[in-house]
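>>> Okay, sequence plus prediction incoming.
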Amino acid sequence: MSILIAIVSGFASGIFFRSLFNFSWEPVVFVLILAALFGGAILFAESRRVYSLAAMFCLFVAFGMVRAMIADTPVPDAFAKDLKHRVSYDAVVVADPDVREKNQRIGIEVGNVGMLAVMPLSSDVRVGDRVRVYGTLSLPQAFETDNGRTFRYDKYLQARNIRFLISFGSIYTVEPAPWYSVSAALARVKHSFLDGLNRALPMPDSALAGGIVIGGKAGLGTALQDAFTRSGLVQIIVLSGYNVMIVAEWVMAFLALLALPKRLQFFAGGAALLLFVGIAGISSTAVRAAIMAVIALYARATGRSYAASRALLFAVLLMLIWNPLYLIFDPGFGLSVAATAGIIWLAPIIERRLQRFWKAGFWANAVATTLAAQISVLPLLLYNIGLLSLVALPANLLVNPLVPLAMAWAAVAGVVGMTIGTFIPLIATIAGAPVLILMRYFIFIAEKSSALPYAAFNLPLFSFWLVLAAYATLIYIVASKRFSTTDQFKFAKKASI
């Protein structure tokens, strides 16, 4: 375990420093020299383990720096001459349109270069379509938020392989997606499911149900989105690891009932998870949870023990190797990893403290899990958006236990709505009745808790150095408290936000 921690922390540290400071090869060479010195000290020191871990850490710091340097690619020269000019390109739609109140944002590819087309709501294009796009080409720019924070919007989009913006124009379908396009087929399934929910539920309940199952805030409206944000419940309406892990639980339970061979369970379960992530939309948080879930399926198939902590570290390492920009410039990735780490390592400590006041049970476990997740993400939340919600803990305790049930009923209502409900709308309405009750309850909790006096307020600029100090303190607390493998396993299933 200590070797894996040294590898992941070293690799992440290298990416972190190269992302903040634009340097060349000199620091890489310096860190490699340090690694060689620590490696040489192993031959003479009595405590060889300490020096070997230090050498491993420095070696992977250098690897992380190199990987971040490779990812720091310049803007493609082929489009530099078109900047700030009206352009016309043939492109392919690669992402489901993100519909906002005043426009929609459509991910496209021109050749192999990703672009974001900001187009009117009247534009009608779908994933996989070949399109003609017109507009003004520009580079994404960092901007100051209302709280005085700088958001690196350019790097945020680059982490999603988007290098340019096209706006103030139009987009038209030239050729619909071919029948063999997998991405187009998955998008059609998603929209058919959402249409089924619209038949089963009124708005905004159908939008909330869709967000809970496959993520997305379209149709909720600004006021309701703000209520979920201020109440600390926004994670249930975005595609997160929580959704993926609930689906993983269902898949594993269903495959166990079928009594299939364990290796077949692994492949079937892995395929089901990949299908769900593909339909819902690939995000860093969903991919992280999917990797951990696949590791859990593999452990079950091979009869090996599953350690959530190792699975989390391995998932983080894989994702940073694939895209080092996730570490600094994707807030969702950081929040997901922080919350998961808190549930794995901090929740057992909190639960032991709570047991001094009441016996171990459902509520002690739920409070420990929720509190650990909230504490773990708080420094990053304060740094990114500056919003401190004082009602997040009670609101999450009232809502989170019902989220798996809501996902299950919403999935049933959506499937009924997209099949039988197409011909008999009354059946869809009946299937959606239990979901409607749950959605109204969630909305009630979000609206009432966010409306309380001092429910949430914005803090002044929260320095990144305070973030580092806060997490250093949490790491020290966790490292100084030992807990058993049984404690970790008990919280492993909940390590999913």
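Thanks, I have the structure now.

>>> center of the chain - which residue?
Closest to where the C-alpha atoms of the chain average out (Cα atoms, centre = their mean) is Thr285, at 2.1 Å.

>>> okay but that residue is in contact with Ser336, surely?
Yes: using Cβ atoms under 8 Å, Thr285 makes contact with Ser336 at a distance of 3.9 Å. Glycine gets a C-beta too; all of them are placed from N, C-alpha and C.

>>> where does Thr485 land on pLDDT?
On the pLDDT scale, Thr485 is placed at 46.

>>> ditto for Phe362
In this model, Phe362 carries a pLDDT of 62.

>>> where exactly do the helices run in the stretch 51-200 of the chain?
Assigned by DSSP state H, counting those that start in this stretch, the helices in the stretch 51-200 of the chain fall at 153-158, 182-200.

>>> Provide the contact partners of the first one at residue level.
Spelled out, that is helix 153-158. Outside helix 153-158, the residues within contact range by Cβ atoms under 8 Å, 6 or more residues apart in numbering are Leu116, Leu139, Pro140, Gln141, Ala142, Phe143, Arg163, Leu325, Ile328, Phe329, Asp330, Pro331.

>>> between the residues you listed, which is closest to Thr422?
Closest approach to Thr422 among these (Cβ to Cβ): Leu116, at 33.7 Å.

>>> coming back round to it: of the helices of the stretch 51-200 of the chain, flag the one that's most buried.
helix 182-200 (a mean of 20; mean count of other Cβ atoms under 10 Å).

>>> And the next helix or strand after that helix, what does it pack against?
Next helix or strand after helix 182-200 toward the C-terminus (DSSP states H and E): helix 205-214. Counting by 3 or more Cβ pairs under 8 Å, 6 or more residues apart in numbering; DSSP states H and E, the packing neighbours recorded for helix 205-214 are helix 182-200, helix 241-258, helix 262-280, helix 403-418, helix 425-450.

>>> Apply 7 Å and report the result again.
helix 182-200, helix 403-418, helix 425-450 (3 or more Cβ pairs under 7 Å, 6 or more residues apart in numbering; DSSP states H and E).

>>> Tabulate those helices (a markdown table), appending mean pLDDT and distance to Arg100.
Below are the helices and strands packed on helix 205-214 laid out as a markdown table (pLDDT from 0 to 100; distance: least, Cβ to Cβ, whole Å):
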| stretch | mean pLDDT | distance to Arg100 |
| --- | --- | --- |
| helix 182-200 | 89 | 17 |
| helix 403-418 | 89 | 23 |
| helix 425-450 | 92 | 20 |
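
>>> Dump these into CSV; add distance to Trp465 as well.
Formatted as CSV, the helices and strands packed on helix 205-214 follow (distance: least, Cβ to Cβ, whole Å):
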stretch, distance to Trp465
helix 182-200, 42
helix 403-418, 35
helix 425-450, 30
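
>>> So for Asp129, which of these sits nearest?
Across the helices and strands packed on helix 205-214, closest to Asp129 is helix 182-200 (Cβ to Cβ), at 7.8 Å.

>>> that older thread, who wins on neighbours among the contacts of helix 153-158?
Most neighbours among these, by other Cβ atoms under 10 Å: Leu325, with 23 neighbours.

>>> so Trp396 makes contact with Thr370?
In this structure residue 396 is Asn, not Trp. Yes: look at Asn396 against Thr370 with Cβ atoms under 7 Å: they come within range, at 4.8 Å.

>>> Look up how far Leu378 lies from the residue nearest to Gly232 when sequence neighbours are not counted.
Among residues not flanking Gly232 along the chain, Ala392 sits closest, at 2.6 Å (Cβ to Cβ, 6 or more residues apart in numbering). For Ala392, the distance to Leu378 equals 9 Å [Cβ to Cβ, to the nearest Å].

>>> Which one's more surrounded, these two?
The neighbour comparison of Ala392 against Leu378 (other Cβ under 10 Å) goes to Ala392, with 26 against 19.

>>> show me the contacts for that one.
By Cβ atoms under 7 Å, 6 or more residues apart in numbering, the contact list for Ala392 reads Ser231, Gly232, Gln374.

>>> Would you quantify the distance from the first one to Val399?
When Cβ to Cβ is the yardstick, Ser231 and Val399 sit 9 Å from each other.

>>> And the last one, by the same measure?
With distances defined as Cβ to Cβ, the gap from Gln374 to Val399 amounts to 13 Å.

>>> Comparing these two, which residue is more hemmed in?
Val399 (22 against 18).

>>> Would you agree that one falls within a strand?
No: in this structure, Val399 is helix, not part of a strand, as judged by DSSP: H, G, I helix; E, B strand; the rest coil.

>>> measure it to Leu393 for me?
For Val399 relative to Leu393 (Cβ to Cβ), the value is 11 Å.

>>> can you map out the strands along the stretch 51-200 of the chain?
86-93, 98-99, 104-110, 113-119, 130-138, 143-144, 150-151, 164-175 (DSSP state E, counting those that start in this stretch).

>>> Of those strands, which is nearest Tyr476?
Tyr476 lies closest to strand 150-151 among these, at 29.2 Å (Cβ to Cβ).

>>> Show me the protein divided up by domain.
Per automatic domain parsing, the domain ranges recorded for the chain read 2-71, 77-178, 222-492.

>>> average pLDDT for the shortest one?
Think domain 2-71. On average, domain 2-71 scores 87.

>>> roughly how far is that domain from the heart of the chain?
27 Å (Cα atoms, centre = their mean, to the nearest Å).

>>> Quick one: end-to-end length of it, please.
28 Å (Cα to Cα, to the nearest Å).

>>> Offset the numbering so it begins at 14, please.
Sounds good: first residue 14 from here, last item domain 15-84.

>>> how about the nearest residue to Ala360, chain neighbours excluded?
Counting by Cβ to Cβ, 6+ apart, Ala360 lies nearest to Ala385, which is 3.8 Å off, once chain neighbours are set aside.

>>> For the one you found, give me its contacts.
Ala385 is in contact with Gly355, Ile356, Leu359, Ala360, Ile363, counting by Cβ under 7 Å, 6+ apart.

>>> A helix includes it, no?
Yes: assigned with three-state DSSP, Ala385 falls within a helix.

>>> neighbours around the nearest residue to Arg143 once chain neighbours are set aside, how many?
In space, and not counting its chain neighbours, Arg143 is closest to Glu188: 4.1 Å by Cβ to Cβ, 6+ apart. Using other Cβ under 10 Å, Glu188 has 12 other residues around it.

>>> Please apply the same query to Ala284.
11.

>>> So it versus Ala155, what's the distance?
For Ala284, the distance to Ala155 - Cβ to Cβ - is 40 Å.

>>> likewise Ser389?
27 Å.

>>> try Arg118
Taking Cβ to Cβ, one finds Arg118 at 18 Å from Ala155.

>>> and what of Ser194?
34 Å.

>>> for the stretch 114-263 of the chain, which spans come out with low pLDDT?
159-161, 229-230, 252-256 (pLDDT under 70).

>>> ok so, going back, state the pair within the contacts of Ala385 that is farthest apart.
Top of the distance list for these (Cβ to Cβ): Ile356 and Ile363, 10.1 Å.

>>> Looking only at neighbour counts, state which of those two leads.
Counting neighbours by other Cβ under 10 Å for Ile356 and for Ile363 shows that Ile356 has the greater number, 25 against 19.
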